[in-house]
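>>> this one's sequence-less:
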C-alpha cells in the first residue's frame, strides 16, 4: 500500500487527496500541523519518513527518509521550540505487522527542517512507542512493553532525563495505542485488554503527573 492522505473541510467535503511512496511496505502513521505545513510521519520501504506537505494543495514540500536500523518507522511526532521529537521503533521482528512489530523503541530528535539530529533508545521500557505529548516542559511517551504485554508510560524532563516509568495492566495482554494530556496535566491512556474479560475490551486509564493511577 501507499501512504494515503485526505483533507476535508468542516462539512466533510473533499478538498484534496494524495498518495505518497511506491507500492510496498509503507505506513502513514500520523500527522501534525505546523504554522506553514502538515507533516506526515511513518515509513517508506521499511525506513522512517517525514513528509512535509502544503496545506492548500497537498503537494510535497520536502521528504526526509531515514534508516534507523532494520525495519523502522515513526509512529508520532510533536513540535518543540527548536524542532521536532518523534517516537517509533527500529529492528522490527515482524515488519509487516502494523499492530505490534516486536521492534525496539526509540525517540528521534529533528531540527525545524526535519533533519535528524540524534536518536535515543528506550527499548528497556517500550518495544513499540505509539504516542508522545508535552506538558509543563516535560515529555510523556506511551506505548507497548516487550511482547505487547502491558501499557508502558515514560515521563522525561525538558533535558530528556527520565523522571518516572510506569507499567499498567493485568495478567493478560494490555495494548496501549492512544494518549492525551489534559490542561490540568491529567494523562489519559486508551487501548484494549484481555485481562479479566472474555474478549478484547476497551481499557482506559487516568494518571496524574506523578505517574499515579487515578482510575
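Perfect, thanks for sending it. Everything numeric in this text was worked out from a predicted model, so none of it was measured.
>>> Show me where this structure dips below the pLDDT cut-off.
Applying pLDDT under 70 to the chain picks out no residues at all.
>>> do that again at 80, thanks
For the chain, applying pLDDT under 80 flags the ranges 98-99.
>>> and residue 163, what element?
Using DSSP states H and E, residue 163 maps to strand 162-168.
>>> ok, residues contacting that strand?
Outside of strand 162-168, the residues within contact range by Cβ atoms under 8 Å, 6 or more residues apart in numbering are 125, 138, 145, 150-157, 174, 176, 189, 205, 207, 210-211, 213. Backbone N, C-alpha and C define where each C-beta goes, glycine included.
>>> Sitting in helices, which of those residues do you find?
Among those, none falls in helices (DSSP state H).
>>> about what we covered before: pull out the buried residues from the strand holding residue 163.
165, 166, 168 (16 or more other Cβ atoms under 10 Å).
>>> what's the answer for stretch 73-85, then?
Using 16+ other Cβ under 10 Å as the test for burial, stretch 73-85 gives 73, 74, 75, 76, 77, 79, 84, 85.
>>> try stretch 96-107
So, applying 16+ other Cβ under 10 Å, buried residues of stretch 96-107: 100, 101, 102, 103, 104, 105, 106, 107.
>>> centre of the chain versus it, how much separation?
11 Å (Cα atoms, centre = their mean, to the nearest Å).
>>> List of residues touching that stretch?
So stretch 96-107 is in contact with 25, 27, 68-73, 85-95, 119-123, 125-129, 132, 141, 143-144, 147-148, 160, 175, going by Cβ under 8 Å, 6+ apart.
>>> filter the residues you listed to the buried ones?
Buried, going by 16+ other Cβ under 10 Å: 25, 27, 68-73, 85-92, 95, 119, 122-123, 125-129, 132, 141, 143-144, 148, 175, out of the contacts of stretch 96-107.
>>> Among those, which lie within helices?
Going by DSSP H, the helices hold none of those.
>>> Share the number of residues neighbouring residue 215, please.
Using other Cβ atoms under 10 Å, residue 215 has 6 other residues around it.
>>> is it true that it touches residue 203?
No - Residue 215 lies out of contact with residue 203 (Cβ atoms under 8 Å); the separation is 11.7 Å.
>>> Now render the buried residues of stretch 73-85 as JSON lines, adding distance to residue 3.
What follows is the buried residues of stretch 73-85, written out as JSON lines (distance: Cβ to Cβ, whole Å):
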{"residue": "73", "distance to residue 3": "11"}
{"residue": "74", "distance to residue 3": "12"}
{"residue": "75", "distance to residue 3": "14"}
{"residue": "76", "distance to residue 3": "15"}
{"residue": "77", "distance to residue 3": "14"}
{"residue": "79", "distance to residue 3": "20"}
{"residue": "84", "distance to residue 3": "18"}
{"residue": "85", "distance to residue 3": "21"}
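>>> Widest-spaced pair of the residues you listed?
The largest separation in the buried residues of stretch 73-85, counting by Cβ to Cβ, is between 73 and 79 at 19.1 Å.
>>> Next up, the contacts around residue 108.
Per Cβ under 8 Å, 6+ apart, neighbours of residue 108: 48, 66, 68, 74, 85, 86, 87, 88, 116, 118, 119, 120.
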